[in-house]
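Visitor: predicted structure and sequence below. I'll ask about it afterward.
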Amino acid sequence: MSPRKTPQAAPSSTSATTPAVRDAVVVGGNRIPFARAGSAYRSASNQEMFTAALEGLVARFGLQGERLGEVVGGAVLKHSRDFNLVRESVLGSSLDPTTPAYDLQQACATGLEATIAVANKIRLGQQESGVAGGTDTVSDAPIAVSEGLRRVLLEAQHAKTTQARLKAFARLRPADLKPNPPGTDEPRTGLSMGEHQAITTAQWGISREAQDELALASHQNLAAAYEAGFFDDLVTPFRGLSRDNNLRTDSSMEKLAKLKPVYGKNLAHTVPSMTAGNSTPLTDGASTVLLASREWAAARSLPVLARFVDAETAAVDFVHGAEGLLMAPAYAVPRLLARNGLTLGDFDFVEIHEAFASTVLTILAAWEDDTFCRERLGLDAPLGKVDRSVLNVHGSSLAAGHPFAATGGRIVASTAKMLSQRAAETGRPARALISICAAGGLGATAILESA
Amino acid sequence: MTDTYLRLVNSGVTKKLAKQLGLPRPAVLRRYEPGQPLVTGPVLVLGRGDSLPPAPDAAPTSPDADVVARVLAGWGLDVRRHPSQLEEGARWGAVVVVLTELEEPTDLSGPMLALGGTLRRIVPSGRIVTVSRAATPDDGPALSAVRVGIDGVLRSVAKELRAGATGNGIVLAGDATLGGPSVAGLLRFFLSSKSAFVDGQLVTVSSDAGVLPGTPGDWEKPLDGKVAVVTGAARGIGAAIAKVLARDGATVVCVDVPAAGDALAKVANQVRGTALQLDITAPDAGDRLLAHALERHGHLDVVVHNAGITRDKLLANMTPDRWDSVVAVNIAAQLRMNEQLLASGKLAEGARIVSLASTSGIAGNRGQTNYAASKAGVIGMVRATGPLLAPTGGTVNAVAPGFIETEMTAKIPALTRQVARRLDSLQQGGLPVDVAETIAFLASPVAGGVNGQVVRVCGQNLVGQ
């Protein structure tokens, strides 16, 4: 036998020094109202929006001069100068400037992934508090120069002589002067997200009517939540906007039915069904969530809305057509449920990000489908049915809009408040499932429980 | 929001010109900064027995004036008891006239004429303060005459003063004594630059309730450890109130409607308080702000009902929505919130409620029937609510601003605004901070003997009392 420590001994010796996992709780959140691209925030930058969301959070919880463990967030559409977007926002806020920060990006799942990152550090005892969030602006998106111009400029910059510099510029062609606006198309397929989802919609046979119904419910639920004052301690106005301006309180099935399909028009053997009404618009906005240990919150007499339970991410191979682009949550959730010994019926609230109405509907259909669950998920029965009465009860992205990185923070904060309210009403613990699909075939999911 | 005229007549060539033309020249008022001296010159205390010309060697004969002089000396002020004690070329920082011992109108002559002899030698933004007793139904006719007569004298003296000097009165009622906390508190408030825009006012002290600061330094932080709620805190006067209460040591919960949330967050972050987006007309607004204060800060000591709206229209053209919304926000919401706060039994001992009235509520204002109804209503409300809080050492008072330079008054047409500004003894509009300072005084522990009162912050506006 070797006198050295056996490999098996190593984990037990480290676990002796690793603190036990403790609870990370959601204290609350703050976001600015979401605005359709090119509207109220057309001159606002990501940094301004995220700082505003952060300042509202600081004001709500009296965090002026407080050094938090970390502020984590990001933006999907980001200028190269914003490499330290979140740290710069912290420096522009009323928080203690010694609060660390880092940028993180996982497409539309950025906000939820940031929540997972902050929560896990708290759970491990590496920090006491943190803010997770995200921001995105399509209105102030970066526009890049063409690849040709970029090469010429770089070469000219590195040239040692004027002659070499001129030579570099001589290679410039008129076509090189055309700027590159940002795209949300998938780099590997060249298809937009909508076109990808149109394929999935067709595969699952999701009807136009079902999509419009979900969109209408989203608007109605969000409008009702605003009317009830649900967002009074979740949203702080910005640039003259006090409600999400994509919200249509006068929407109806008739109006939605009149809209012309915009995606899937070139798909063979299908009637296109995805319209501007049942797809989310490009949106500007920012959101934040305050997470903490129970002790940190208690020491400041701050509320505790919900406990972060667990999270799971997944990805699918959409490039080779093995799965639809936005179907990753369908895979993440079963793994998350299995690990926690839960079923779909164990949730008081299910929040599925409405990238498109049909995204939600295809994921729900997949979980109810025997073949999909057996063959793709490796289960021996369908995962189950989500009761529509627990789905996106205060509206979701179809009504609120979807500033990519800001959606996760919106959902986490709202869901935590819903759990707290439900637990207070019933006197019993409440539980919620959160699911967010993202570009690149990604998906992030999480479980929250009333604290 | 800047008074250009005031700036012009106080600087450079235009100052000279205004002087030569005999134009009204409003003074730049001395305003409070932490650490500044209470008064800028020696303080003269006059009382019964003073006269003009002063009796050269007469010892002061007023025991009440002695009490007041001792209070002032206790603050390290340069207190003098004889008008002749002022050096050549020097000016009085303030003159305090103690009239509590007068028995009939003829008694006024001595001290008032002595006061008159000092008026040409008062510093800019100097202070005249009278201390007297309120008339009671049991007073004989002569006693009642002199006591009420002091009202008239004070208000007239205040109108005579120039260069930013003000005249205000402290009126003792009930079992209030000269050495009581609130007399000291009011004296200090009136002498200080915190009362810059309070002029021609008589404030009644009805008891010796209230707590004097433990140490001299506590006068700088009278609200240390207190939790205060300010409604309508997002802008204007409300934001100024939040800032002054925070400066005085309070933790401030800033409340405004959700739609004003961005401005509210800025104020909350400035004062290191918390922002609570809440519509005060919500049926449970009082319970909700109480719950917020208790949950976050453990107690609630001060509530400032500042939120208010105007929907002006001549009564002949008045619409139900204009009338009802003003009454709902300006008075009905306050009544309901107070009811909830009092019923909860969870307000701190010695709690303070301060409500915003208006000179429109006192004197009336054309086109503001709805507003005046609500603001006069506030006066009625504080009178009736004060006694309900008194058993626990609490008070309920109102502050009635006159013309204050705010975003709201900046919208008044230019000429009307210029005229409105000059219609008070100080010939200028007040600043939001002036209203805030008065509220901070009423909110302070020392002011426990001032209850159910209305203090005007109007520069002695010509309208009403």
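Guide: Cool, got the structure. Numbering: from 1, shown residues only, chains lettered A, B, ... in the order given.
Visitor: get me the contact residues on chain A for chain B.
Guide: A:52, A:55-56, A:58-62, A:64-65, A:94, A:229, A:231-233, A:235-238, A:242, A:301-303 (CB under 8 Å from any CB of the partner chain). C-beta coordinates here come from the backbone N, C-alpha and C atoms, glycine included.
Visitor: ok, now with 6 Å
Guide: A:55-56, A:58-60, A:62, A:64, A:94, A:232, A:236-238, A:242, A:301 (CB under 6 Å from any CB of the partner chain).
Visitor: which of those residues count as buried?
Guide: Buried members of the residues of chain A next to chain B, counted by 16 or more other CB atoms under 10 Å in any protein chain shown: A:55-56, A:58-60, A:62, A:64, A:94, A:232, A:236-238, A:242.
Visitor: what stretches of the stretch 1-150 of chain A score poorly on pLDDT?
Guide: Residues of the stretch 1-150 of chain A meeting the criterion pLDDT under 70: A:1-19.
Visitor: so where do the strands sit in it?
Guide: A:24-31, A:35-36, A:70-73, A:101-103, A:129-136 (DSSP state E, counting those that start in this stretch).
Visitor: can you redo the ones you listed as TSV with mean neighbour count?
Guide: Converted to TSV, those look like this (neighbours: other CB atoms under 10 Å in any protein chain shown):
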stretch	mean neighbour count
strand A:24-31	28
strand A:35-36	24
strand A:70-73	28
strand A:101-103	19
strand A:129-136	34
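Visitor: which one of those strands lies closest to B:Ser360?
Guide: Proximity to B:Ser360 (CB to CB) singles out strand A:24-31 among the strands of the stretch 1-150 of chain A, at 37.4 Å.
Visitor: which other residues reach that closest one?
Guide: A:53, A:56-57, A:60, A:119, A:122-123, A:234-236, A:287-292, A:294, A:297, A:302, A:304-308, A:410, A:413, A:416, A:451 (CB atoms under 6 Å, 6 or more residues apart in numbering or on different chains).
Visitor: so which of the residues you listed are in strands?
Guide: Assigned to strands by DSSP state E, the following of the contacts of strand A:24-31 qualify: A:Ser287, A:Thr288, A:Val289, A:Leu290, A:Leu291, A:Ala292, A:Ala306, A:Arg307, A:Phe308.
Visitor: drop anything exposed from those residues.
Guide: Looking at the ones in strands among the contacts of strand A:24-31 with 16+ other CB under 10 Å, the buried ones turn out to be A:Ser287, A:Thr288, A:Val289, A:Leu290, A:Leu291, A:Ala292, A:Ala306, A:Arg307, A:Phe308.
Visitor: pull the most distant pair out of these.
Guide: Taking CB to CB as the measure, these span a maximum distance of 19.8 Å, between A:Ser287 and A:Arg307.
Visitor: now chain A against chain B: closest residue?
Guide: For chain A and chain B, the shortest gap (CB to the nearest CB) falls at A:Ala59, measuring 3.7 Å.
Visitor: surely that residue touches B:Lys266?
Guide: No - contact criterion CB atoms under 6 Å: A:Ala59 and B:Lys266 do not qualify, at 7.7 Å.
Visitor: would you list the buried ones among the ones in strands among the contacts of strand A:24-31 in TSV and tack on distance to B:Ala145?
Guide: Converted to TSV, those look like this (distance: CB to CB, whole Å):
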residue	distance to B:Ala145
A:Ser287	70
A:Thr288	67
A:Val289	70
A:Leu290	66
A:Leu291	71
A:Ala292	68
A:Ala306	71
A:Arg307	74
A:Phe308	76
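Visitor: B:Pro413: neighbour count?
Guide: Around B:Pro413 there are 8 other residues, counting by other CB atoms under 10 Å in any protein chain shown.
Visitor: for the strand or helix carrying B:Val230, which helices and strands make contact with it?
Guide: B:Val230 belongs to strand B:227-231 when assigned by DSSP states H and E. In terms of contacts (3 or more CB pairs under 6 Å, 6 or more residues apart in numbering or on different chains; DSSP states H and E), strand B:227-231 is packed against helix B:236-247, strand B:251-256, helix B:285-297, strand B:302-305.
Visitor: pull the CA atoms of the third one into CSV?
Guide: Think helix B:285-297. The C-alpha coordinates for helix B:285-297 follow below in CSV (Å, rounded to 0.1, in the frame of the first residue of the first chain):
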residue,chain,number,x,y,z
ALA,B,285,-52.2,53.0,3.3
GLY,B,286,-51.8,53.8,7.0
ASP,B,287,-51.5,50.2,8.0
ARG,B,288,-49.0,49.6,5.1
LEU,B,289,-46.7,52.4,6.0
LEU,B,290,-46.8,51.5,9.6
ALA,B,291,-46.0,47.8,8.8
HIS,B,292,-43.1,49.0,6.6
ALA,B,293,-41.7,51.2,9.3
LEU,B,294,-42.0,48.6,12.0
GLU,B,295,-40.7,45.7,9.9
ARG,B,296,-37.7,47.6,8.6
HIS,B,297,-36.9,50.0,11.4
